[in-house]
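A.B. asks: Structure, please.
(4 chains)
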There are 2 protein chains.
Amino acid sequence: MSDGVSLRDADFDYESQAPMSMTEAAYEALREEILTGRIPGDTLWSDREIAQRMNLSRTPIREAIQRLAAEGLVEVKPRRGTRVLPLRTDDVREIHQIAKALELEAALLLSGRDDRNIRDVEQAVTDMELALEREDRDAWVQADSRFHQAIVDNCGNRRLADLYQGHRALTDRARYFSLHLRPLPVRSAEEHRAMYEAIAARDTRRLSQLYHDHWNRTTEELLELVRRHADVMPIKASPREETK
Amino acid sequence: MSDGVSLRDADFDYESQAPMSMTEAAYEALREEILTGRIPGDTLWSDREIAQRMNLSRTPIREAIQRLAAEGLVEVKPRRGTRVLPLRTDDVREIHQIAKALELEAALLLSGRDDRNIRDVEQAVTDMELALEREDRDAWVQADSRFHQAIVDNCGNRRLADLYQGHRALTDRARYFSLHLRPLPVRSAEEHRAMYEAIAARDTRRLSQLYHDHWNRTTEELLELVRRHADVMPIKASPREETK
DNA sequence: ACACACCATCTGACATGCCAGATGTAATGT
DNA sequence: ACATTACATCTGGCATGTCAGATGGTGTGT
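C.D. replies: Prediction:
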């Protein structure tokens, strides 16, 4: 999508089989480029530029940009351009705190449901452990993703799931570059198993504790990686916060 | 704003002193009309219709509508129209669960800060108690609002505050009509005092407990009101969930 | 009386044109 | 050489035109 080829060729959402709007297509393409870092932080765009590159008019591009702005990935400055917001260490902390809050609530809800479905969650934990044995990082990451997704998807609160999903762009962006830099997540696997068991046992107090511990540790681990690999990371240390 | 008079006359955001875009103005006007129930649920619009009523072109209206759609207030059906989503009891539950999760995290963060500022929080609690003595419902609601706002604003996580703020449209919509129907919130005032004290004492465990209790009770109380005043409420009982 | 095909009309999706403000740069004054 | 000003150029904001799909009413055939 970064090759400047028309988006019109990809006019369908193959997964849902529903026709996708141009706005939707542009949104996903841009989001993807930002998350993977193909468009680095602080880059300035103009809507015309993007429209031309994607062979669309400015209208759907503008609408896509506004969605990205609402998600916090870009900032649009009237008569200046649209800027890809760089990720700072403080942002990583904030983003993770939000994700923790949403997912913990989901986990609590899930654990309290009578008709709960925790098969997917358990399966994800098992897969994680298997991946760990094989030292298969990609499989581990995938299972990890499924674990968190399963909890949110089955919590019974669709809005919460949607909100979490939308927020995911941010956590994913932060996590994207750490995948192959971090040590084998032995500790993390244990924690996931523990979280699953707390859900199964409906132990809300333990669940809260585990969640706080897990996310706090994950955050600090990521930030430590950022510090050590500042050169290749798209995440920058926070200069003392300019207000907006 | 509902009188069909041009929005152009209100071209400035008097609070922030920044010039407001037409999109922004349209967004706020529409949001206000939905929250207060002046536009009832299930209403179908067309962008042209709104544009004409506000004396604007369709472009800013479309953009405003998309923001409202992202917030979950309306649903846009291609080639059908834009529908104001009716509020159902399940929605109220979902919305409150999310608000609880976000605000609890904020409260935990606030209580853990070294340089925390909990003056505003305490002041709000005091005001609430005073309003209760005078049986001044409006003052109580205002203080209640300030209480929650103060916690979120001072938690040190701007993104969380923004997210909470955006979500607020939904909780406010649910709460709007209950203001003068509910009994005097004696219990609530006590709970707010307890929450403040838990924050001051950095008692995270108690804080979690209090939050869950408070929000669960508030939710059920509101739903009970809905049941008893179904005729005048914009919130309808949930028919067993049609999936989208 | 009823099923069904037809079509005027309405909708959102998208393209495009124009505008005012912000910017960078070159021309100007000192 | 340097500060200042004038202006061409770029940007997002907004208005408007076109189009295809969805809808609902009408007329036709049975």
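A.B. asks: For chain A, just list every one of the strands.
C.D. replies: Here chain A has its strands, by DSSP state E, at A:44-45, A:74-77, A:81-84, A:87-88, A:235-236.
A.B. asks: A:Ala150 - how many residues pack around it?
C.D. replies: Residues lying near A:Ala150 (other C-beta atoms under 10 Å in any protein chain shown) number 22. C-betas here are computed from N, CA, C, even on glycine.
A.B. asks: Name every strand pairing with the helix or strand bottoming out on mean pLDDT in chain A and say which way it goes.
C.D. replies: The weakest-scoring helix or strand in chain A, judged by mean pLDDT, DSSP states H and E, is strand A:235-236 (a mean of 79). Strand A:235-236 has the following sheet partners, assigned by DSSP bridges: strand A:87-88 (parallel).
A.B. asks: For the strand it pairs with, the averaged confidence score.
C.D. replies: Averaging pLDDT along strand A:87-88 yields 87.
A.B. asks: which stretches of chain A have low pLDDT?
C.D. replies: A:1-19, A:232, A:239-244 (pLDDT under 70).
A.B. asks: can you list the domains in it?
C.D. replies: In terms of domains, chain A is parsed into A:7-85, A:88-236 (source: automatic domain parsing).
A.B. asks: List phi and psi for the residue of chain A most remote from its centre.
C.D. replies: Computed with C-alpha atoms, centre = their mean, the maximum C-alpha offset from the centroid of chain A is found at A:Arg79, amounting to 30.0 Å. For A:Arg79, the backbone dihedrals are phi 60, psi 20 (criterion: degrees, to the nearest 10).
A.B. asks: Tell me, how many residues neighbour A:Leu44?
C.D. replies: 11.
A.B. asks: That one: what's its closest spatial neighbour, skipping adjacent residues?
C.D. replies: A:Gly81 (4.3 Å; C-beta to C-beta, 6 or more residues apart in numbering or on different chains).
A.B. asks: For the one you found, give its distance to A:Ala201.
C.D. replies: A:Gly81 sits 53 Å away from A:Ala201, going by C-beta to C-beta, to the nearest Å.
A.B. asks: ok, these two, which is more surrounded?
C.D. replies: A:Gly81 (15 against 11).
A.B. asks: who's in contact with the more buried one?
C.D. replies: Contact partners of A:Gly81, counting by C-beta atoms under 8 Å, 6 or more residues apart in numbering or on different chains, are A:Leu44, A:Trp45, A:Ser46.
A.B. asks: How about residues contacting the least confident helix or strand of chain A?
C.D. replies: Contacts of strand A:235-236 (C-beta under 8 Å, 6+ apart): A:Gly41, A:Pro86, A:Leu87, A:Arg88, A:Thr89, A:Asp91, A:Val92, A:Ala174, A:Phe177, A:Val226, A:Ala230.
A.B. asks: how many other residues sit next to the nearest residue to the fourth one once chain neighbours are set aside?
C.D. replies: So the one you mean is A:Arg88. Spatial nearest neighbour of A:Arg88, chain neighbours left out: A:Ser238 (4.1 Å); criterion: C-beta to C-beta, 6+ apart. Here the count is done by other C-beta under 10 Å, and A:Ser238 has 14 residues near it.
A.B. asks: go on, A:Asp144?
C.D. replies: Other residues lying near A:Asp144 total 20 when counted by other C-beta under 10 Å.
A.B. asks: what comes up buried for stretch A:225-241?
C.D. replies: By 16 or more other C-beta atoms under 10 Å in any protein chain shown, the buried positions in stretch A:225-241 come out as A:Leu225, A:Val226, A:Met233, A:Pro234, A:Ile235.
A.B. asks: Then stretch A:25-38?
C.D. replies: A:Ala25, A:Ala26, A:Tyr27, A:Glu28, A:Ala29, A:Leu30, A:Arg31, A:Ile34, A:Leu35, A:Gly37.
A.B. asks: ok, now how distant is the first one from A:Ala64?
C.D. replies: Between A:Ala25 and A:Ala64 the distance, using C-beta to C-beta, works out to 8 Å.
A.B. asks: again, but for the second one
C.D. replies: Counting by C-beta to C-beta, the gap between A:Ala26 and A:Ala64 amounts to 4 Å.
A.B. asks: So which residues of chain A form helices?
C.D. replies: For chain A, applying DSSP state H gives helices covering A:22-35, A:47-54, A:58-71, A:89-112, A:119-133, A:137-153, A:158-176, A:186-200, A:204-228.
A.B. asks: Quickly compare these and say which is most buried.
C.D. replies: Stretch with highest mean neighbour count among the helices of chain A: helix A:89-112 (a mean of 22; mean count of other C-beta atoms under 10 Å in any protein chain shown).
A.B. asks: Any part of that one near chain B?
C.D. replies: Yes - shown here: helix A:89-112 in contact with chain B (C-beta under 8 Å from any C-beta of the partner chain) through A:Asp91, A:Arg93, A:Glu94, A:Ile95, A:Gln97, A:Ile98, A:Lys100, A:Ala101, A:Leu102, A:Leu104, A:Glu105, A:Leu109.
A.B. asks: Without its sequence neighbours, what residue ends up closest to the last one?
C.D. replies: Right, the one you point to is A:Leu109. Nearest to A:Leu109 is A:Cys155, by C-beta to C-beta, 6+ apart, at 4.2 Å.
A.B. asks: any idea how far the one you found lies from DNA strand C?
C.D. replies: Going from A:Cys155 to DNA strand C by C-beta to the nearest atom of the strand, to the nearest Å gives 29 Å.
A.B. asks: How many neighbouring residues does that residue have?
C.D. replies: A:Cys155, neighbours per other C-beta under 10 Å, totals 25.
A.B. asks: didn't A:Ile95 look like it was pressed against A:Arg175?
C.D. replies: No - A:Ile95 is beyond contact range of A:Arg175, at 9.9 Å (criterion: C-beta atoms under 8 Å).
A.B. asks: quick one: which two of the buried residues of stretch A:225-241 are the most distant?
C.D. replies: Pairwise distances across the buried residues of stretch A:225-241 peak at 12.2 Å for A:Leu225 and A:Pro234 (criterion: C-beta to C-beta).
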